[in-house]
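Student: mind looking at a prediction? Sequence and model below.
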Amino acid sequence: MKLGWLTRLALLGSILVTASDMALAQQNTIRFIIGTAPGGAIDPYARIVADPMAKALNQSIIVEYKPGANGNSSAQFIVDQPADGQHVWVGTQAFTEINPSAFTNQRWSIDDFVPFIRGVEAPLVFAVHPDVPAKTFAEFLTWAKQNKGKLSYSSYQPGTPSHFLGYQLNEKFDLDLTHVPYRGSGLQATALLAGHSQFGFAQLNSTAPHQATGKLRILAVTGRTRDKLIPDVPTFEELGYPEFTAKVWFGLLVKKGTPADIISRYTEAAKVAHADPGVREKLQAQGFDVVAETGPQLLPNIKEQIVRWGKLVKASGFSAEDRGSTR
């Protein structure tokens, strides 16, 4: 059947409108950029808050992964993009506060970003494989000292709180441990479950479910108070080691230069998402404390912590540039 020129014109117009709508939808899509491999502790946070934020903004949000160099690849990716708000960095304590000291040759700076919410925080846990003959931290220390020079501890990435708490453990108790880094908290948890790693400081939400099944044993938690997911596990402070108190955080940042109205919209949407009872319930079930902190103090606070962690990085002699495993 032959189509008349009016019909053909109408069809062409329809195709052009559809293509225009698709292009506009793609242009309006926000991308949450995660600097680790899929399956880590950042995943649930990003995905849980993305949907309610998308609804509040009336825009699509998709999660993308740019792993590499302890999060530096994801940071640099965003720095290389236009400051139009289409790319949001899912930042962490390690990425923002430790990397500047661990990676002396990194090309980006925290001043390249504007943090607009510090969403959640959580303690780390000291987890051991069931083959480790210790049910308490004191028993672990006795066993580790008996096997001095023969053991290794894992971290979910070099240059992270997981790494430096392990370093601190090694130094304080003179255990002569070897550091074995992984490329994400999910991979570290898998290694602990398989017995490839015997022990290490790990993310709470990657390990707590396996405490209940006996597949892992958690001996202590780094929070100031016991965690509701594992209430029977003591804190390091209770055990007499307050220097192992620490929490990690996840939050959202955009590139500096992003228009103020976009940052304001994102901030309000993030506040709405983090305040939603269903969202808070899901985040808390993952072991997160929902802090939802916003305001101009976020950047100065990060800079203060860069100084704090920098001292520990210097004391450890750690340099990411010297270690091929970080790339």
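Tutor: Received the coordinates, thanks. Numbers count the residues shown, from 1 in each chain.
Student: over to L177: give its phi and psi.
Tutor: phi -90, psi 150 (degrees, to the nearest 10).
Student: which sections of the stretch 51-200 of the chain are below the confidence cut-off?
Tutor: For the stretch 51-200 of the chain, no stretch is flagged by pLDDT under 70.
Student: strands of that one, start to end?
Tutor: 61-65, 87-92, 113-128, 152-155, 178-181, 199-203 (DSSP state E, counting those that start in this stretch).
Student: among those strands, which is nearest A275?
Tutor: A275 lies closest, by CB to CB, to one member of the strands of the stretch 51-200 of the chain: strand 113-128, at 11.2 Å. All C-beta atoms are positioned from the backbone trio N, CA, C, and that covers glycine.
Student: circling back: which of the strands of the stretch 51-200 of the chain sits most buried?
Tutor: strand 199-203 (a mean of 28; mean count of other CB atoms under 10 Å).
Student: what are the boundaries of the helices in this protein?
Tutor: Assigned by DSSP state H, the helices in the chain fall at 5-27, 42-57, 72-79, 93, 99-102, 137-146, 161-173, 185-194, 204-213, 260-275, 277-285, 298-316.
Student: so what pairs up with the nearest residue to R280 once chain neighbours are set aside in the strands?
Tutor: Nearest residue to R280 in three dimensions, chain neighbours excluded: V290, at 5.1 Å (CB to CB, 6 or more residues apart in numbering). Bridge pairing for V290 (DSSP bridges) gives the partners V120.
Student: hmm, V290 is touching A122, no?
Tutor: No. Contact between V290 and A122 fails when scored by CB atoms under 8 Å: they sit 10.3 Å apart.
Student: list residues touching both of those two?
Tutor: Counting by CB atoms under 8 Å, 6 or more residues apart in numbering, V290 and A122 have no contacts in common.
Student: not counting sequence-adjacent ones, nearest residue to T142?
Tutor: T142 sits nearest to A134 (CB to CB, 6+ apart), 7.6 Å away.
Student: kindly report the same for N170.
Tutor: In space, N170 is closest to L177, 4.5 Å off (CB to CB, 6+ apart).
Student: surely the one you found meets L151?
Tutor: Yes. With contacts counted by CB under 8 Å, L177 reaches L151, the gap being 5.5 Å.
Student: show me which of these two is the more surrounded one.
Tutor: L177 (22 against 17; other CB atoms under 10 Å).
Student: separation between the more buried one and L165?
Tutor: 12 Å (CB to CB, to the nearest Å).
Student: repeat for A102
Tutor: Taking CB to CB, one finds A102 at 14 Å from L165.
Student: how about A37?
Tutor: 21 Å.
Student: which of those two has more neighbours?
Tutor: Between A37 and L165, counted using other CB under 10 Å, the more crowded position is L165 (23 against 17).
Student: contacting residues around that one?
Tutor: So L165 contacts L124, F201, T222, F244, A246 (CB under 8 Å, 6+ apart).
Student: can you check F137 too?
Tutor: F126, L219, A220, P234, F236, L239.
Student: swap in 6 Å and give it another go.
Tutor: Going by CB atoms under 6 Å, 6 or more residues apart in numbering, F137 touches L219, A220, L239.
Student: show the contacting residues for the first one.
Tutor: L219 makes contact with F126, F137, F140, according to CB under 6 Å, 6+ apart.
Student: what's the answer for the last one, then?
Tutor: The neighbourhood of L239, defined by CB under 6 Å, 6+ apart, consists of F137.
Student: redo that, cut-off 7 Å
Tutor: F137, A220 (CB atoms under 7 Å, 6 or more residues apart in numbering).
Student: again with the second one
Tutor: Taking CB under 7 Å, 6+ apart, we find A220 in contact with F126, F137, V233, P234, T235, F236, L239.
Student: distance check, the closest residue in space to Y65 that isn't next to it in sequence against F250.
Tutor: Of all residues not flanking Y65 in the chain, I34 sits nearest, at 5.2 Å (CB to CB, 6+ apart). The spacing between I34 and F250, counted by CB to CB, is 10 Å.
Student: and for those two, which residues touch both?
Tutor: I42, V90.
Student: can you get me the start-to-end distance on stretch 125-135?
Tutor: Taking CA to CA, to the nearest Å, stretch 125-135 runs 14 Å from one end to the other.
Student: work out the gap between it and the centre of the chain.
Tutor: 24 Å (CA atoms, centre = their mean, to the nearest Å).
Student: that's all I had, so thanks and see you.
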